[in-house]
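K.L.:
could you look at this predicted model? Sequence included:
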Amino acid sequence: MPVSESMVQEVVQEVLAKMQISDTASGKHGVFADMNDAIAAAKEAEQTVRMLSMDQREKIISNIRKKTHENAEVLARMAVDETGMGNVGDKILKHHLVADKVPGTEDITTEAYSGDRGLTLVEMGPFGVIGAITPCTNPSETVLCNTMGMIAGGNTVVFNPHPQAIKTTIYAINMVNEACLEAGGPDNVACTVEKPTLETSNIMMKHKDIQLLVATGGPGVVTAVLSSGKRAIGAGAGNPPALVDETANVRKAAQDIVNGCVFDNNLPCIAEKEIVAVDSICDELMNYMITEQGCYLASKDEQDKLVATVMDSKGKLNRNCVGRSAKRLLEMIGVTVSDNIRCITFEGPKEHPLITTELMMPILGVVRVKDFEEGVKTSVWLEHGNRHSAHIHSLNVEHITTYAKALDTAILVKNGPSYAALGFGGESICTFTIASRTGEGLTSAKSFTKKRRCVMQDSLCIR
Ligand code: NAD
């Protein structure tokens, strides 16, 4: 068979890709060619980690925090270069947030019951080796917050990351292991494979030494771990609406919503994805968004072009558009705007594809509703039953309460940007694994532990 130029090109590309991966992986802690070897190494490390005192675990976590601060910019640049998604400035902030606000061992507490018949302690014990699947939208942030919480709980972890973010993930995993070794802990507290695939994921999900699965990603992966037969934490997709009612401080609402929406080019799953605005304030809100908050008002023709560009005819997202800036998205449809434009807006029905779909792009469609009641119904519809995140701008506590009950989400931010829920300008811990579907909410060390009851009969009650 004659060898064509395209066949040669294909082979060259394949070899180059392999060279690149082994280049990234060579000499890195916690990185293995085979998933079974990665699990075996994490299992060996786990025998040491479960015996570490809380103080020793905390020393390791402190060193991970320190290295995360030091490497925030490197990790941010790597993720943007590798995935093409998000922006470096916000990703740097996200890493500092992880370093500062992901809980450590203080999250591991003990319940105690004492009385005439003795003393019972309910303690949070480790699961063992945890299998974690991570998204390409917050690749290193998820690895870091998962690992810190899992080590605090006495576990080790094997990651099957998104292949599109493998270099960034390997960098973070190597960093975590270096931090652990420097703090006197073992190597391989976090492990991964050089080439993650669905097959390596399946090996991990079925492996006898994996005690708990944690999936952060879209609906497919959450369903996969929940169908595995193992205990699983599922942190899935959202499509958070932001409702603005007639009592809101409309100018501030415009600012908060746009700030939340454009953070890291709308990649966080909790970020505002569409607005539901009561008729009486809708024009005012859009006016502030356009004149003060850098929103570009897209015409009907431009909306159609955006739909055709950001998704295919079946609604599947074009990965080359996810996490891109508003300016870049507009460029893709032939519109040139200044750097001041940070978001795209338009008014449309709730069924509009740019409104009803979780785009992860700085596009904020506005659905006009006649009153608050219709706003609640519309928001519930738009959230698609994910029960993930929703936001409201209102000074009426009855409205806020009604909305909170109706939406029933893991996160509800009132009168602020969505990122306040991650501790960025709000009172909260930080995580990038928000488990709405399985009910843990914002995951932290305690989510990665199991309850263990320790009973002393008839003694040690000293009341
Ligand atoms: P994705 O679902 O494409 O991929 C996530 C991870 O799951 C990747 O590692 C991928 O390789 C793996 N995966 C996908 N399908 C799988 C399957 N059937 N079996 C095994 N593994 C599978 O998501 P993404 O594009 O990387 O991230 C964006 C999505 O993740 C959005 O829907 C977003 O809302 C969601 N997300 C949720 C949270 C949260 O905390 N709830 C956090 C970040 C992202």
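P.N.:
Ah, there it is. Numbers count the residues shown, from 1 in each chain.

K.L.:
quick check on His207: phi, psi?
P.N.:
Taking degrees, to the nearest 10, you get phi -70, psi 140 for the backbone angles of His207.

K.L.:
same thing with the one 10 residues further on?
P.N.:
The main-chain torsion angles of Gly217 are listed as degrees, to the nearest 10 and equal phi 170, psi -160.

K.L.:
you'd agree it is up against Ala132?
P.N.:
No. Using CB atoms under 8 Å as the test, Gly217 is too far from Ala132 to be in contact (10.5 Å). All C-beta spots, glycine's among them, are computed from the backbone N, C-alpha and C.

K.L.:
count the neighbours of Asp187 for me.
P.N.:
Applying other CB atoms under 10 Å, we find 16 residues neighbouring Asp187.

K.L.:
three-state assignment of it?
P.N.:
When classified by DSSP: H, G, I helix; E, B strand; the rest coil, Asp187 comes out as coil.

K.L.:
the residue in the chain positioned nearest to the ligand: neighbour count?
P.N.:
Using CB to the nearest ligand atom, the single residue of the chain nearest to the ligand is Gly217, 2.5 Å away. Neighbour count of Gly217, defined by other CB under 10 Å: 22.

K.L.:
repeat that for Gly89.
P.N.:
Residues near Gly89, counting by other CB under 10 Å, number 13.

K.L.:
and the stretch 351-463 of the chain, which residues reach the ligand?
P.N.:
By CB under 6 Å from any ligand atom, the residues of the stretch 351-463 of the chain that approach the ligand are Glu358, Phe432, Thr433, Ile434.

K.L.:
at 8 Å instead, please
P.N.:
Counting by CB under 8 Å from any ligand atom, the stretch 351-463 of the chain comes close to the ligand at Glu358, Met360, His388, Thr431, Phe432, Thr433, Ile434, Ala435, Ser436, Thr443.

K.L.:
distance-wise, check the third one relative to Glu58.
P.N.:
Note on His388: its distance to Glu58, by CB to CB, to the nearest Å, is 31 Å.

K.L.:
higher neighbour count, these two?
P.N.:
Taking other CB under 10 Å, His388 and Glu58 do not tie; His388 has more neighbours (24 against 17).

K.L.:
just to revisit the earlier point, the residues of the stretch 351-463 of the chain next to the ligand in strands, which ones?
P.N.:
Within these, residues falling in strands by DSSP state E are Ile434, Ala435.

K.L.:
now render the residues of the stretch 351-463 of the chain next to the ligand as CSV, adding pLDDT.
P.N.:
As requested, these are exported to CSV (pLDDT from 0 to 100):
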residue, pLDDT
Glu358, 98
Met360, 98
His388, 98
Thr431, 98
Phe432, 98
Thr433, 98
Ile434, 98
Ala435, 98
Ser436, 93
Thr443, 98
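
K.L.:
quick one: strands adjacent to the host helix or strand of Leu364?
P.N.:
Leu364 is located in strand 363-369, with elements delineated by DSSP states H and E. For strand 363-369, the paired strands and their directions (DSSP bridges) are strand 274-278 (parallel), strand 343-347 (parallel).

K.L.:
so which of these is the most surrounded?
P.N.:
Burial of the strands paired with strand 363-369 is given as mean neighbour count (mean count of other CB atoms under 10 Å); strand 274-278 ranks first at a mean of 28.

K.L.:
list the buried residues in the longest helix anywhere in the chain.
P.N.:
Criterion DSSP state H: the longest helix present in the chain is helix 54-83. Within helix 54-83, the residues scored as buried using 16 or more other CB atoms under 10 Å are 56-61, 63-65, 67-68, 71-72, 75-76, 78-80, 82-83.

K.L.:
does that helix reach the ligand?
P.N.:
No. Shown here: helix 54-83 not in contact with the ligand (CB under 8 Å from any ligand atom), separated by at least 8.9 Å.
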